[in-house]
Each structure stands twice: as structure tokens, then as C-alpha cells.
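Participant: No letters, just coordinates:
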């Protein structure tokens, strides 16, 4: 039992911190634009594919640096020449723009790289088990993922709260006109934030690609869950995004590791049903089976009891 | 006001699109028009790779065997049209309606029994209501037993062996391995995954009562990001063999998580090869992953099959010939066309009943008339890089057949009570 608990915690941490890398960029962009960037997970996918292609020629480590920068630049260009124009037409147009962008990126990825899973591997340097516990390996690469994610949280937190740039960004998000009147180039700030946000998503893709497999559906698998995190954590809150990511990562991991379900509940209540009962599927339901929908359940609960999210500052 | 303006321009775009679509609508079929086949399978999303490879193979088989040799029915070409169903039952029905509205009467689909079941039901209903515009359903890969069992349909033909038959072969193979005593079953949470789990449990109990099933897990299909938590449970259970019906992205991710965790036990599968899966599993899966399938792997001895494979690889160097039964199914369909002198689905269906054709490797494939289930030899193959002439994903790794089960040993009783339409 203890080994399941330890590994469930580690797995939850890895997933949670990976989700945080996506959520941190998304939450920044969310508070800036006021709408969800539906294409955010698509930038994550682009990061993985860019890194795959670069790693074929230069290896993993250069890809780790170059791919997120490329994704960030692409994001900045899209903000400058796409979103900024659409912004004039209001939130609905922005929403539809990012929605369309997600499809466009998926099609583009399929066009250039094909639909088959890519053999994108973690670097040989990290290709060893960090430790073996109860017969199961914990790959060094996963520890590396944890390390990068935490470093990003600390770095972002420091920049946003302790530096002048961070203060200007925060001010530009809440009071764009005042900041513009003070002589700052607000559109440039927005472009930079969008670029950094998408770059972070790209970085998440670079390091997640080898573990979660690199294929055209990878954006879709992760896309909706990131929105859930941003809403649960509270809009625009970095700490909220971290807590919500860890919460969801651990929640899912523990739910999968658990072995309880309706049969146990029914046995405890002393009720039993025939196998051919019309609701048989419900009576057989187990917690691991519903684990992937638990975050959405949590989302509903948070929206009912704390609509601004766990760490949200404003009511929207 | 701004919103109003943008929605106006959106309206303009939509009306323009409608106009383009209307103009591109085809006219009614004429005698020398191509015979069109709708290929309804995922072309986007988690399972896009599987759907795309299937489409290319069917298209290639049509060109290679028929179109380049002058067509069928006195010169008509076979045209395969891919319709993306996003692996969803609802989208499949929509694509089916689209195919029907364009006058297509032959539908191919295979990825996912939920989809196949929805299509089979929809086609049965459509054919009952529109006897003048019927559709025939060629199922090349969806293997839930129910499709040729309790839910069998006169219009549905299956060219793959169903999962109970494959599981029978798999469990017989496991039964010969004395060192296996604990088995863990993991599958996708839908009709097929459940059928695999149930069949494995009952068959193992019959063949090797001493084997303990230490886990029977279902996970949502196409939704799991990381299988490590599941692997943790498998390790904790002490299993010394794994059975899974997973396919597509779910198979890759599961295989990778097992390898990453350093779990060294045999994995029995149906679909752990090709479309990037072989390359991804690579060294980690060597001699560990076994497949039960009806497509003969290395060593390939048939000249016809070698030539076909080489031609396919020459045209699509990054793709593999994953489902040669698509060619077999097309052979049966064309035989039926030539026999009946037309493409009327009712006549085609009658002609295909109890038809026997010889596939590329020289085995006979029999389409049982009672339930429209095909029977053919089955194989157990292992994932390795030794003695592999035809590899998968250009990775050097591929499948080598260890075990062959002749057709007569795969035949099971039919439980189908078919509702046979009149003319």
C-alpha cells in the first residue's frame, strides 16, 4: 500500500507541475486579454514537435532552449498581427480567433509531421532510473521535469512581484490606460506577455513530449484540463494556478491508485443488484474509472461555492 | 454594435461557404462514374494516425489491384473518400448521412466498436426506410463480438476476427507459459475494452484455473495523459503478465509508461504495432510485447505479398502495411460486384455470404453467411529487431510470428439471429 501511495504522490507531482507550466502562461494571458486562449495547448504541442525536429539535428539540450523561443516568437507574431486586430472587435471575436487557431495549428502539425506518433526521446544523459523503490523505477527524467517546473514557478514569481518589469505588467493588466499615460508601450507589453506565455507552453511541450508521447492529439488531451485549472486557481493568480495544478494532478493520481468504487459502497450499505440490472454499469463504476472527470467535478463545485476561484481576486 | 457587425460578417462567410458547398455537390451517378467508397474513420485527434493509415491502404489496394488494371465492372474506377469521424459515434452518423446524400452506397469503417455499432444501427435503419438507396457496411477492424452476435445486421460484414476469438488464441498461448501466475488486465472504457476483460477472465479460468487475475482496470479512451499511475498499480499487484486491448495513442502511452517504470513482464496485446507505436516502444518492448492478429508478419514468404508491400512502401515510405485484410475485403467486394454485375448493396451482401477468397499470403478467408463474420488463420507475433525483413515505422523493429492457429481452430458458434430483409 505504501509504495502505491509514494508513487501516486510522485506521479501526481509530475503531472501537476507539468499542468502548471501550461496554466501559468494561460492565466497570464487570460488576465491580459480577458478571454481564454483556446489555442494555448496547441502551442504546447508545437513545442513538442519543434523540439522533436530540432533534436534530430542538434540533440535534446539545444532543443530545450531553441524550441520554446521559437514557439514564443510565433506566439508574439500571432498576437501582433492576429489577435491585436481581432481585439478591436471584442471578446467574442478573440475567442473565436483562438478557437480557430487551435484547429489551424493541429492541421498544420498533421500537414508537416504527419499523423503518426513521433519517436521523440528523452536525452540519454537522463535515461536512467533515479531510484528504484519496491521494484518500480522512478526515471531521472521525471525528476528533471519537476525541477524545471519549480524553477519556472520561482522565476516567474520573482519577475512578477520583485522586478520593475513585473510591476509594469501587473499594472498594464489591471489599468492599461494609466500605464499607457505613464509612457509605457502597453501593446508591446501585451505582445511580450503573450510571447512568454506561449513560450512557457512550448517549454512544457518540449519536456512533456518524450513522456506523454508526441502525436497530433496531444493538445486536445491536455487542452480542457488547463482551462479547468485556471478557473479553479482563480483568474490571473500564479499561486492559484500552482495550487490548482498540484491539486488536480494529485487528485487524479490518487483516484487512479485507489481501488474503491460503487461495489464497495453498495457492499458497505448491504445492497446488491443483479448483474443484468438496467443500471448495472453504474453499480460497477469504480473511482479509477471516473478519475479523469474528477477535475471537472471540482470545477463545478468551485464555481458554485467560490466563483472567483481559490486565489482569485476579482469577481467576473 | 461591434458584436453585431462581426456577426454580420460571420453570416456573410457562412453564406459564402454554403454557396461553395452547394456548387460542389455532385450530380447523380452515371454508369461509367467511379464506384465510390466512403471511408469513415478518425482523420484527426488521438487516433488520427490509425485512421489515416487505413485510408491510404484501402486507396492503395484499390489502385494496385483494380484501377491500374482497367477498373471493375467493365472499366469503372474505385474511388475511396475519407470522411473524418473524429472517433465519435455522433460524427460518424453525420458523415454517414453526408455519404448517403452524395449517393455513396459502400461504407468502410473500423476504428472503434462504439463507432461501428452506431454505424451498423444507423445503416440498418436507413436501409429499412430507404430500400431504393441502401448502404453496405464493410467493417475491417472493429472487433466487439456483439457486432456479429446479438447486434448482428444483414448489412454489416466483418473482416477481422472478433475479440473473443483473438482472446481465445491469446489465452491458449498464455496457458502454455508455466511461469505466468498473475495477470493484470487493462483496457479502454467502452464496449470493446469490457469485452476483452470479461473474455480474458472467463477463458483464463477455464484454461489455467491457477492463474490469478490481479487487476481488471478500465480507463477512459483517448483521455489519459500519462499511464504511470496505472503502471504503479500493476507493479504493486505483483502481476507477471499484462493483457490489454488498447490501440492507437492509448497503446503507445501505456507501453511507454511500462517501459519507463522498468516493469519487465510480457504484455499481450492486439494492436501494439505500427503508426509510431513500434518505433516508440523500440528496445524497451523487445521480446516482451506479443500481438494476436490475422495479418501475417515476418518472415513473409508470399511473393505477391512482398511485391504489394514493396509497392506500398515505395509510394508511402513513412507508412506501413498494417492491415492487409483491407485488400482482402476489397477483393471480396469486387468479386461480389463482378458476380452480380452491379453495385446494388442487397445483391452484394447476398453474394458475399459464404464467399471464400484466398488472401495475399495464400490463406483462405471465409465469410460466414450466418453472421457475416470472417474466419482466417490467426497469429501470435513478437515485437523484436531480429530476423525482421519488413520492419514497422522504419525503426528496424517489427513483428516475427511465433505461433499460427489454423482457421478451423478459430471457428466459434454463431449467436446471431439475423433480420434478413426481402429484396
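Facilitator: Yes, it's here. Bear in mind that the values here come from a model prediction, so they are computed numbers and not experimental data.

Participant: what about the residue of the stretch 1-150 of chain A found nearest chain B, neighbour count?
Facilitator: When you check the stretch 1-150 of chain A against chain B by Cβ to the nearest Cβ, the closest residue turns out to be residue A:117, at 2.9 Å. C-beta: built from backbone N, CA, C; applies to glycine. As a burial measure, residue A:117 scores 26 neighbours (other Cβ atoms under 10 Å in any protein chain shown).

Participant: wouldn't it be in contact with residue B:250 here?
Facilitator: No - counting by Cβ atoms under 8 Å, residue A:117 sits too far from residue B:250 to count as a contact (11.1 Å).

Participant: Tell me where chain B is predicted with low confidence.
Facilitator: B:1-31, B:296, B:423 (pLDDT under 70).

Participant: What are the boundaries of the helices in it?
Facilitator: The residue ranges that make up the helices of chain B, judged by DSSP state H, are B:2-24, B:48-65, B:89-101, B:113-129, B:163-175, B:191-207, B:228-237, B:249-260, B:277-281, B:303-315, B:325-340, B:345-352.

Participant: Most tightly packed of these?
Facilitator: Across those, averaging neighbours per residue (mean count of other Cβ atoms under 10 Å in any protein chain shown) puts helix B:277-281 on top, at a mean of 28.

Participant: does any bit of that helix sit next to chain A?
Facilitator: Yes - for helix B:277-281 and chain A, the contact criterion (Cβ under 8 Å from any Cβ of the partner chain) is met by B:277, B:279, B:280.

Participant: with those residues in mind, which one is nearest to chain A?
Facilitator: Here the nearest of the residues of helix B:277-281 next to chain A to chain A, counting by Cβ to the nearest Cβ, is residue B:279; it sits at 4.1 Å.

Participant: can you count the residues close to the nearest residue to the residue of the stretch 1-150 of chain A closest to chain B once chain neighbours are set aside?
Facilitator: Excluding its sequence neighbours, the residue lying closest to residue A:117 (Cβ to Cβ, 6 or more residues apart in numbering or on different chains) is residue B:276, at 2.9 Å. When neighbours are counted by other Cβ under 10 Å, residue B:276 registers 28.

Participant: give me every residue that touches residue B:276.
Facilitator: Residue B:276 makes contacts with A:116, A:117, A:118, A:119, A:215, B:49, B:252, B:393, as judged by Cβ atoms under 8 Å, 6 or more residues apart in numbering or on different chains.

Participant: Out of those residues, flag the one nearest to residue B:373.
Facilitator: Checking the contacts of residue B:276 against residue B:373 by Cβ to Cβ gives residue B:49 as the nearest, at 27.1 Å.

Participant: doesn't residue B:275 make contact with that closest one?
Facilitator: Yes - under the contact definition of Cβ under 8 Å, residue B:49 touches residue B:275, with a separation of 4.1 Å.

Participant: Can you pull the phi and psi angles for the residue of the stretch 1-150 of chain A closest to chain B?
Facilitator: Reported as degrees, to the nearest 10, the phi and psi values for residue A:117 are phi -60, psi 140.

Participant: Please report how far it lies from residue A:52.
Facilitator: 11 Å (Cβ to Cβ, to the nearest Å).
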